[in-house]
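Novice: Sequence and predicted structure, then a few things I'm wondering about:
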Amino acid sequence: MNLSFLFTEWLGTPLWMWSSFFVLVIAILSFDLGILHKQNKEIGVGESIKLSALYIALGLTFGGWVWWYLGSEAGLAYMTGFVVEKTLALDNVFVIALIFSFFAVPRLYQHRVLFWGILGVIVLRAIMIGVGATLVAEFAWLLYIFAAFLIVTGIKMMVVKEAEPDVSKNVLVRFMRSRFNVTEEHHGERFFVKKENPKTGRMTWFITPLFMALVMVEVADVIFAVDSVPAIFAITTDPFIVYTSNIFAILGLRALYFALAAMIHRFRYLKPALAIVLIFIGSKIFLADLLGLEKFPAALSLGITFAIIAAGVVWSLLKTRGPQQPA
């Protein structure tokens with residue numbers, strides 16, 4: 001059998017590396033759903049912390065392999081992207097908690113929504129990153145647009161106080177309820193259910209609140225990707241590093257959610273740190289040009305990013321010690 005095609009490059013990386021990565025992701029998800037969570041059950045904080053630690057370890061191990069096989073610069077870029085995406089995911093956790101609360105999704109079925117949500121994210125991020133990589137390869141000046149966008153976004157996060165989103169007023173929620181048959185109650189783990197339509201008396205397919213929650217989780221990720229994808233392209237333009245660091249950070253989102261949802265108030269002061277990180281990542285592209293550098297030093301970039309995030313976490317935990325105060 002001729003396997004030479006596996007060494008054909010796609011987006012600058014041999015096909016065998018892409019295929020190996022996807023096989024690894026499928027194996028991880030199969031192990032998670034097929035063995036660890038074969039049956040629906042509530043995931044406690046202790047279990048979620050262990051699972052989150054496992055996913056972080058897998059992501060860092062893959063980063064170690066990238067460092068060993070592709071070199072230190074690629075390894076540092078991967079680690080920086082992984083840390084940034086993991087931190088930005090904290091905002092995603094807050095929004096997911098709001099969605100689950102609005103649709104009254106039982107904890108027993110939240111893992112199911114998040115699992116299928118992750119599968120959708122893998123596809124959507126592949127499309128967004130693939131399009132982004134193609135555009136950056138053709139129009140290098142787009143990196144400066146991404147960088148400026150990150151700076152503006154970071155400044156906006158620091159100066160504009162965001163109100164808690166009202167899911168009931170969301171355009172997509174109102175559209176689904178007006179255009180589709182939607183049940184008011186949950187039907188176990190089912191996304192769709194066939195029941196008698198009270199208007200026609202005929203058996204009709206209805207979508208359940210669980211499916212609406214899934215759609216909203218997917219849309220929330222697309223919105224967050226508007227920040228995270230430009231951020232990692234500002235770190236590296238290698239599509240393989242961009243995609244793999246994104247996906248490994250997102251794979252642990254479900255475990256991260258169950259670990260942090262109950263204490264998300266402890267991270268309310270982390271947003272300024274995220275804003276500073278976005279401003280730094282955007283600024284370093286312009287800074288490298290001003291200093292006459294081909295690229296901002298990867299090791300310094302990772303060190304500064306990690307220091308900002310660590311300071312934000314510590315400050316947030318210190319500021320929220322004691323009983324939870326109303327926001």
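Specialist: Cool, got the structure.
Novice: Low-confidence regions, the stretch 101-250 of the chain specifically.
Specialist: 162-166 (pLDDT under 70).
Novice: So which residues of this structure form strands?
Specialist: In the chain, the segments counted as strands under DSSP state E are 9-10, 13-14, 192-196, 203-207.
Novice: Give me the average confidence score over the first one.
Specialist: Put plainly, it is strand 9-10. The average pLDDT within strand 9-10 is 72.
Novice: ok, now how distant is F146 from F306?
Specialist: Using Cβ to Cβ, to the nearest Å, F146 is found at 21 Å from F306. The way it works is simple: take the backbone N, C-alpha and C, and place the C-beta from them, glycine included.
Novice: How about R268?
Specialist: Applying Cβ to Cβ to R268 and F306 gives a distance of 21 Å.
Novice: what sits against the residue lying closest to F206 once chain neighbours are set aside?
Specialist: What sits nearest to F206 in space, not counting adjacent residues and going by Cβ to Cβ, 6 or more residues apart in numbering, is N181, at 4.3 Å. When contacts are counted by Cβ atoms under 8 Å, 6 or more residues apart in numbering, N181 is found next to 197, 204-207.
Novice: What is the nearest of those residues to P272?
Specialist: Lowest distance from P272 to the contacts of N181 (Cβ to Cβ) belongs to I207, with 39.0 Å.
Novice: ok, how many other residues are close to K156?
Specialist: Applying other Cβ atoms under 10 Å, we find 12 residues neighbouring K156.
Novice: That should have said M203, apologies.
Specialist: Neighbours of M203 (other Cβ under 10 Å): 9.
Novice: again, but for G63
Specialist: 24.
Novice: Now do the phi/psi pair for the residue lying farthest from the centre of the chain.
Specialist: Distance from the C-alpha centroid of the chain, by Cα atoms, centre = their mean, peaks at G201 (42.6 Å). Main-chain torsions, G201, degrees, to the nearest 10: phi 80, psi 0.
Novice: H186 reaches I207, doesn't it?
Specialist: No. Applying Cβ atoms under 8 Å, one finds H186 not in contact with I207, separated by 11.6 Å.
Novice: who touches L76 in this structure?
Specialist: By Cβ under 8 Å, 6+ apart, the neighbours of L76 are 67, 298-299, 301-302.
Novice: what's the closest non-adjacent residue to it?
Specialist: Going by Cβ to Cβ, 6+ apart, L76 has A298 as its nearest residue, at 3.7 Å.
Novice: Would you mind measuring from the one you found to V159?
Specialist: A298 is 30 Å from V159, where distance means Cβ to Cβ.
Novice: okay, these two: which has more neighbours?
Specialist: A298 (19 against 8).
Novice: That one and A255, how far apart?
Specialist: Applying Cβ to Cβ to A298 and A255 gives a distance of 28 Å.
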